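Student: quick one, what's the 3D model for this:
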Amino acid sequence: MASIAAPGALAAPSHGPGPASDRIEALDFVRGVAVCGILLMNIIGFGLPEGHNSPAVAGGASGVNLWTWIITEMGFEGTQRALFSMLFGASVILLTSRLEASGRADATDIYFRRNLWLIAFGLVNAFIFLWYGDILYAYGIVGLFLFAFRRLAARWLIGLGVAALLLGIAWNVHDGSRVLAKHEAHEAAAAARDAGETLTPAQETALADWEATRTQYEPPPESARASTEARSGGYWRAFLHTAMINSVWQSWGLYRYFFDLFGMMLIGMGLFRAGVLTLERPTRLYVALLVIGYAIGLVVNYHETRLILDRQFAAEAFARASFTYDLGRLAMTLGHLAALLLFVRSGMLPLLRRAFAAVGQMAVTNYLAHSVVCLILFVGLGWYNQLERHQLYLVVLAIWTAQLVISPLWLSLFRFGPVEWLWRYLTYLDRPPFRRGTAIAAPAAIRPDAPRSQSAGILD
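Tutor: From the prediction side, this is the model:
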């Protein structure tokens, strides 16, 4: 892995689909950690029914299982997706500046073709690999909107990103308020019922509405049972079950969480343009982000976790926690980002840094590999809902170890991960060299006014 480029240094952009010669270690490393971190959160969806929010539903809610939930809830909930979204936004600046600096007439075509193929990979991940938590589909669609913002200054990108996040936060608060209003109406109707009063039609409706709402946070045992039977009944039955979920998440879900993804991506574009993601800012900035981010994030997340525990994972507790969820998540994300960048700047543990950077260079391959391995384990071998929550993280550790070993070995022989190679082929409509040692066409000259371009795209 090449060392971090000096501030302002220009790399010769490839005229074709070959890799950049001086990838930025900081970006590759953070992306590799984020890819691994996504599995840290996704493993619950892979291995347990309805268990992401509440450990009381499946996987165990006491002892080490409860502590596993507490640690992930306080330290990682929502942060790895946010990191990955920021880095995807940075990839827009990297890719478009490289293409435009090369003078290619088809730069716009390449950008949009790249995102359209990412959408296709997401559909494969969702419907073939049976992962209803896929992000590639949503990233490909949201990425189409980012192109128009690629030349904005850092302050505008960050400002627009924060504005988009505020829209998403307002939506979350609105939804949480509606849940609490239904809970209050239910409590009043239930009190009247328990007092022997004749309920009005509105009170009857309030009782029914709350039961329907509550099950979204507290799924009944039969729901978990149905999911387990579907995921354990062979590939076709699991396909039908997952396809119904995907049809919702890849339509309404995308619409619902568009501002979250779009905002984080714009912030990532701004942080890259400001030199934050490439370690071009003074150390005191990263230390400040780390201290402030963790101070706010841990306090907010502790409050939310304590609230949910005190109310025994009740639906209204999750609704109340949603009011501060985004504040805690964003603060923890900035803390994690600063900690990772400071680690790269320290120069410590170079073998570990290079291993994570290799995972990051093969981000799409490794991300899809999570789905394939978990499909084999939990659907093929029947492990679904058979492991306790803490045991699932032994699976995570095994997958991490394999990818940290295999990724650098693979890249010592090949220029790209297998999916990254295919993606470049389909994007540029030109077959790139695969094995190392294969000659690459000479790069186009850089125009004097070309923007800085130091790395290939974040996801390729």
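Student: quick one: mean pLDDT for the helix or strand hosting residue 187?
Tutor: Per DSSP states H and E, residue 187 falls inside helix 154-194. Helix 154-194 shows a mean pLDDT of 95.
Student: repeat that for stretch 349-367.
Tutor: Averaging pLDDT along stretch 349-367 yields 96.
Student: distance between it and the chain's centre?
Tutor: Stretch 349-367 has its C-alpha centroid displaced from the chain centroid by 16 Å (C-alpha atoms, centre = their mean, to the nearest Å).
Student: buried stuff in it?
Tutor: 353-367 (16 or more other C-beta atoms under 10 Å). The C-beta positions use only the backbone N, C-alpha and C, and glycine is treated the same way.
Student: now for the nearest residue to residue 404 once chain neighbours are set aside: which residues touch it?
Tutor: Nearest residue to residue 404 in three dimensions, chain neighbours excluded: residue 355, at 4.4 Å (C-beta to C-beta, 6 or more residues apart in numbering). Contacts for residue 355 (C-beta atoms under 8 Å, 6 or more residues apart in numbering) come out as 32, 404-405, 407-408.
Student: any quick ChimeraX command for the buried ones out of these?
Tutor: Burial among the contacts of residue 355 is assessed by 16+ other C-beta under 10 Å; the matching ChimeraX selection reads:
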select :32,404,407,408
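Student: mind listing which of the contacts of residue 355 are in helices?
Tutor: Within these, residues falling in helices by DSSP state H are 32, 404-405, 407-408.
Student: those residues: which two are farthest apart?
Tutor: Based on C-beta to C-beta, the longest span within these runs between 32 and 405 and measures 13.0 Å.
Student: how about the contacts of residue 355 in TSV, adding distance to residue 435 and pLDDT?
Tutor: Below are these laid out as TSV (distance: C-beta to C-beta, whole Å; pLDDT from 0 to 100):
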residue	distance to residue 435	pLDDT
32	22	96
404	22	98
405	20	98
407	16	98
408	16	97
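Student: ok, the contacts of residue 355 vs residue 340, which is closest?
Tutor: Distance to residue 340 across those (C-beta to C-beta) is lowest for residue 32, with 9.7 Å.
Student: distance check, the closest one against residue 142.
Tutor: Here residue 32 is placed at a distance of 22 Å from residue 142 (C-beta to C-beta, to the nearest Å).
Student: do residue 366 as well
Tutor: In terms of C-beta to C-beta, residue 366 sits 21 Å off from residue 142.
Student: same question for residue 225.
Tutor: 35 Å.
Student: so which of these two has more stuff around it?
Tutor: Neighbours were counted for residue 225 and for residue 142 using other C-beta atoms under 10 Å; residue 142 has more, 24 against 12.
Student: let me have the contacts of residue 355 in JSON lines, extended by distance to residue 285.
Tutor: Supplementary listing: the contacts of residue 355 in JSON lines, determined by distance: C-beta to C-beta, whole Å:
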{"residue": "32", "distance to residue 285": "23"}
{"residue": "404", "distance to residue 285": "29"}
{"residue": "405", "distance to residue 285": "34"}
{"residue": "407", "distance to residue 285": "30"}
{"residue": "408", "distance to residue 285": "30"}
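Student: ok, now which ones touch residue 407?
Tutor: Going by C-beta under 8 Å, 6+ apart, residue 407 touches 32, 355, 358-359, 361-362, 366, 417.
Student: with adjacent residues omitted, what lies nearest to it?
Tutor: The shortest distance from residue 407 to any non-neighbouring residue, by C-beta to C-beta, 6+ apart, is to residue 358 (3.9 Å).
Student: quick check: the one you found touching residue 32?
Tutor: Yes: using C-beta atoms under 8 Å, residue 358 makes contact with residue 32 at a distance of 7.0 Å.
Student: what is the nearest of the buried residues of stretch 349-367 to residue 114?
Tutor: Once C-beta to C-beta is applied, the member of the buried residues of stretch 349-367 that ends up nearest residue 114 is residue 364, at 11.3 Å.
Student: which helix or strand contains that closest one?
Tutor: Assigned by DSSP H and E, residue 364 falls in helix 363-374.
Student: same check on residue 93?
Tutor: Residue 93 belongs to helix 79-102, assigned by DSSP H and E.
Student: helix or strand right after that helix?
Tutor: With DSSP H and E, the next secondary element past helix 79-102 is helix 107-123.
Student: contacts for that next one, please.
Tutor: By C-beta under 8 Å, 6+ apart, the residues outside helix 107-123 that reach it are 95-96, 99-100, 104, 134-141, 143-144, 147, 250, 364, 368, 419, 423, 426-429, 457, 459-460.
Student: give me that answer again for 7 Å
Tutor: Helix 107-123 is contacted by residues 95-96, 99-100, 134, 136-137, 139-141, 143-144, 147, 364, 423, 426-428 when judged by C-beta atoms under 7 Å, 6 or more residues apart in numbering.
Student: about what we covered before: could you give the angle of the helix holding residue 93 to helix 107-123?
Tutor: Relative orientation of helix 79-102 and helix 107-123, computed by axes from the mean of the first three to the mean of the last three C-alpha atoms, to 10 degrees: 150 degrees.
Student: does residue 233 count as helix, strand or coil?
Tutor: Three-state assignment for residue 233 (DSSP: H, G, I helix; E, B strand; the rest coil): coil.
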